[in-house]
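Asker: Curious how this folds, go ahead:
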Amino acid sequence: MRSDRIKKGVERAGARSLLYATGISKEDMAKPFIAVASSRTDVIPGHIHMGRLERFIERGIASGGGVPFFFGIPGICDGIAMGHTGMKYSLASRELIADMIETIMKAHCFDGLVCLTNCDKITPGMLMAMGRLNVPSIVVTAGPMMSGNLRGRRLSLVKDTFEAVGRFKKGDISQEELTALEMCACPGPGACQGLYTANSMACVTEGLGLSVPGCATSLAVSAKKDRHSQESGERIVNLVRRGVLPRAIAKKEAFDNAIKIDMALGGSTNTVLHLIAIAKEFGINISADTFDQMSRHTPHIANILPGGEHFMEDLESAGGIPAIMKRMKNVLNDIMTVSTKTISQIANDAEILDENVIRDFKHAYHKEGGIAVLKGNLAPDGAVVKQTAVSDSMLKFTGKARIFDSEEACMQAIMAGKIKKGDCIVIRYEGPKGGPGMREMLSPTAAIVGMGLANDVALITDGRFSGGTQGPCIGHISPEAQIGGVLAIVQDGDEIVIDIPARKLELNVTDDEIHSRLSKWRAPEAKETEGYLARYAKMVSSASEGAVLRGL
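Answerer: Residues are numbered from 1 along each chain as shown. I've put the predicted structure just below:
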């Protein structure tokens, strides 16, 4: 066992003495040492209940014959960090999380790893660490939040708070109603109720075969989630004893499965960024083009918020990811998972309990999957849009550019009523280097929807969008403005052409004019000159490469 390096031999007397000081026994010294990386925190609703889940993971590890050791991983709540400088740290924290888990695991020579996680950048960071370490590992995602309720109407965070801001500014709702929505939209623990980034990544993780069947959608408040936690604790000891490594499970075929499931669900555009980065750590190369190719051949069969009408609790009631696998069995690779069951075995055991929530291919909500990758002179390396959250009338759009060099400047214009029908909002210098940190833009996109402009204006950026974004919002434009991408030289009034079915994003000016403007352009000064973000900006790669930190 890996832990023998700190447990065996005369020269390890000091290490053993320190381990005994933690309360373990001589008998425990012969057992597998299992680390549990927990992102429990008091500030993120998706994580506040993890203390309960930790108990069940601990129980499972002990009953499986291992010794559990917990350590903490910090997390950022994207909803709280949204719309201000705090969001710069969200994506950047993904790399810190991966590095911290690597550090603790290697420093203490643990035999196995359980990752207890839930939200946007935390799950990807933990998966990156698993691929890098290649030590027996399993993921427990802490589950979706229940829907809120106000006067008999189900509520969700994005629609009933972020978008409600726009409705309030438009005069459609009162201050009293806005306050009531704030109080009721999020009733308790769990990841926000739709297929936003947190729940998208939970489904992707199960699709990769790195969580036990059903874990992605079992609700945060449910006893089922407790049982999944205990099962995962027992399972990790078994994986250690059998020497089953993450890279033996999450091969290229597994990533293909995860992407297909993501496309069928209509998940967050952030999954593109994260899966490219995770795959790199597993020694696998995928690109945004991989997502687009699979999206073209994968029908959208589950219509979950924000683009659809169903909640994550509906997907859970319909059978969860095992039921999705059952529906997609003929197009998925039959690989092994951490449960020791293959995809086909999981699919055969599953039952589809609601034919409308999980439709068959013939009656799919859309013929293509959730994500489209656009290219053109504005985005030669690609840009990403959640096409299943765009109305048919906006799949093709030509508008006049309205330029903003920050999210804050754009938000001020939206709230002041300065955005008009036919505008194509451009938010630039918000990419991985320019932000730095590639902020999510939920505040402006939600305000646009709330003000009734979703079918009248488009928004493009080298930053990112929340999984809660809907409408013609195109992000991840690469190369980004900060390094001289064409986005940097777009001017107010320029015509921008968006054609999602044709996968095109074009600035309608001549090549000569583009070259002339670029020759006069100079990069703006870095926004961050001290601390982690300054270092991050110097080392981070393009969004088209997963926004990972470049090696030495």
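
Asker: make it CA atoms for all contacts and neighbour counts henceforth
Answerer: OK.

Asker: which residues touch residue 303?
Answerer: 265, 266, 309, 310, 357, 365 (CA atoms under 8 Å, 6 or more residues apart in numbering).

Asker: Looking at these, which are in strands?
Answerer: Applying DSSP state E to the contacts of residue 303, no entry is found in strands.

Asker: Now pLDDT and distance to residue 53 too, for these, in JSON lines please.
Answerer: Formatted as JSON lines, these follow (pLDDT from 0 to 100; distance: CA to CA, whole Å):
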{"residue": "265", "pLDDT": "98", "distance to residue 53": "26"}
{"residue": "266", "pLDDT": "96", "distance to residue 53": "28"}
{"residue": "309", "pLDDT": "93", "distance to residue 53": "30"}
{"residue": "310", "pLDDT": "98", "distance to residue 53": "26"}
{"residue": "357", "pLDDT": "98", "distance to residue 53": "28"}
{"residue": "365", "pLDDT": "97", "distance to residue 53": "35"}
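
Asker: Let me know the closest of the residues you listed to residue 348.
Answerer: residue 357 (18.8 Å; CA to CA).

Asker: related to what we said a few turns ago, in helices only, show me the contacts of residue 303.
Answerer: residue 265 (DSSP state H).

Asker: May I ask which of the contacts of residue 303 has the most neighbours?
Answerer: In terms of neighbours by other CA atoms under 10 Å, these top out with residue 266 at 33 neighbours.

Asker: Go ahead and confirm that one touches residue 371.
Answerer: Yes. With contact defined as CA atoms under 8 Å, residue 266 reaches residue 371; the gap is 6.9 Å.

Asker: Now the common contact residues for those two.
Answerer: Common neighbours of residue 266 and residue 371 (CA under 8 Å, 6+ apart) are 386, 388.

Asker: Can you tell me which of the contacts of residue 303 comes closest to residue 289?
Answerer: Nearest to residue 289 among these: residue 266, at 16.5 Å, using CA to CA.

Asker: Excluding chain neighbours, give the residue nearest to that closest one in space.
Answerer: Computed as CA to CA, 6 or more residues apart in numbering, the closest residue to residue 266 that is not its neighbour in sequence is residue 370, at 3.8 Å.

Asker: hmm, back to that, just the closest of the contacts of residue 303 to residue 401, please.
Answerer: Once CA to CA is applied, the member of the contacts of residue 303 that ends up nearest residue 401 is residue 266, at 28.1 Å.

Asker: Report the contact partners of the closest one.
Answerer: By CA under 8 Å, 6+ apart, the contact set of residue 266 is 195, 300, 302, 303, 304, 369, 370, 371, 386, 388.

Asker: Over to residue 440?
Answerer: Per CA under 8 Å, 6+ apart, neighbours of residue 440: 82, 87, 463, 464, 465, 466.

Asker: partner residues bridging it?
Answerer: Beta bridges link residue 440 to residue 464 when assigned by DSSP bridges.

Asker: and it, how far is that from residue 462?
Answerer: Distance check for residue 440 against residue 462: by CA to CA, to the nearest Å, it reads 10 Å.

Asker: before we move on, what about residue 363?
Answerer: Taking CA to CA, one finds residue 363 at 35 Å from residue 462.

Asker: So which of these two has more stuff around it?
Answerer: residue 462 (34 against 14).

Asker: which residues of the stretch 201-350 of the chain fall in helices?
Answerer: For the stretch 201-350 of the chain, the helices defined by DSSP state H, counting those that start in this stretch occupy 223-242, 246-249, 252-265, 270-281, 288-296, 312-317, 320-327, 343-349.

Asker: quick one: which of the contacts of residue 303 is nearest to residue 479?
Answerer: Distances from residue 479 to the contacts of residue 303, taken by CA to CA, are shortest for residue 266, at 25.2 Å.

Asker: Tell me how far that closest one lies from residue 197.
Answerer: 11 Å.

Asker: quick one, helices of the stretch 51-200 of the chain?
Answerer: 78-81, 88-108, 122-133, 157, 163-170, 175-184, 197-208.

Asker: typed the wrong thing, it's the stretch 351-500 of the chain
Answerer: Per DSSP H, counting those that start in this stretch, the stretch 351-500 of the chain carries helices over the ranges 407-415, 442-450.

Asker: Please identify the deepest-packed of the ones you listed.
Answerer: With neighbours taken as mean count of other CA atoms under 10 Å, the helices of the stretch 351-500 of the chain reach their highest mean count in helix 442-450, at a mean of 25.

Asker: show me the contacts for the spatially most central residue of the chain.
Answerer: Centroid-nearest residue in the chain, with CA atoms, centre = their mean: residue 197, separated by 3.5 Å. By CA under 8 Å, 6+ apart, residue 197 lies in contact with 119, 120, 267, 268, 269, 270, 271, 466, 467, 468.

Asker: Among these, which one sits closest to residue 454?
Answerer: Top of the list for closeness to residue 454, among the contacts of residue 197 and by CA to CA, is residue 468 at 13.6 Å.

Asker: Residue 521 against residue 490, yeah?
Answerer: No. Residue 521 is beyond contact range of residue 490, at 10.8 Å (criterion: CA under 8 Å).

Asker: Have a look at these two and say which one is more surrounded.
Answerer: Between residue 521 and residue 490, counted using other CA under 10 Å, residue 490 has the larger neighbour count: 24 against 12.

Asker: where's the more buried one relative to residue 500, distance?
Answerer: Applying CA to CA, the value for residue 490 to residue 500 is 20 Å.

Asker: TSV for the helices of the stretch 51-200 of the chain, including mean pLDDT and distance to residue 506?
Answerer: What follows is these, written out as TSV (pLDDT from 0 to 100; distance: least, CA to CA, whole Å):
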stretch	mean pLDDT	distance to residue 506
helix 78-81	94	31
helix 88-108	98	27
helix 122-133	98	31
helix 157	95	34
helix 163-170	91	29
helix 175-184	97	39
helix 197-208	98	28
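
Asker: Out of the ones you listed, which gets nearest to residue 513?
Answerer: Using CA to CA, the helices of the stretch 51-200 of the chain put helix 88-108 closest to residue 513, at 32.9 Å.

Asker: Quick one: residues in contact with the closest one.
Answerer: 3, 6, 35, 37, 73-76, 78, 81, 121-122, 124-129, 132-133, 435-439, 533, 536, 548-549.

Asker: In ChimeraX, how would I select the buried members of the residues you listed?
Answerer: The following ChimeraX line selects those of these that are buried, judged by 16 or more other CA atoms under 10 Å:
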select :3,6,35,37,73,75,76,78,81,121,122,124,125,126,127,128,129,132,133,435,436,437,438,439,533,536,548,549
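
Asker: Need the per-residue pLDDT for residue 259.
Answerer: Per-residue confidence (pLDDT) for residue 259: 98.

Asker: Kindly report the same for residue 552.
Answerer: 54.

Asker: pretty sure residue 427 contacts residue 411?
Answerer: No. Under the criterion of CA under 8 Å, residue 427 makes no contact with residue 411, lying 10.1 Å away.

Asker: For residue 185, which non-adjacent residue is spatially closest?
Answerer: Going by CA to CA, 6+ apart, residue 185 has residue 148 as its nearest residue, at 4.5 Å.

Asker: you'd agree that neighbour is up against residue 186?
Answerer: Yes. Judged on CA under 8 Å, residue 148 makes contact with residue 186 at a distance of 5.5 Å.

Asker: what do those two both touch?
Answerer: By CA under 8 Å, 6+ apart, residue 148 and residue 186 have these common neighbours: 155, 156.

Asker: Looking at those two, which is more packed in?
Answerer: More crowded of residue 148 and residue 186, by other CA under 10 Å: residue 186, with 24 against 21.

Asker: which residues touch that one?
Answerer: Contacts of residue 186 (CA under 8 Å, 6+ apart): 145, 146, 147, 148, 155, 156, 157, 192.

Asker: And the strands in the stretch 451-552 of the chain?
Answerer: Using DSSP state E, counting those that start in this stretch, the strands of the stretch 451-552 of the chain run over 458-461, 473-478, 495-499, 504-507.
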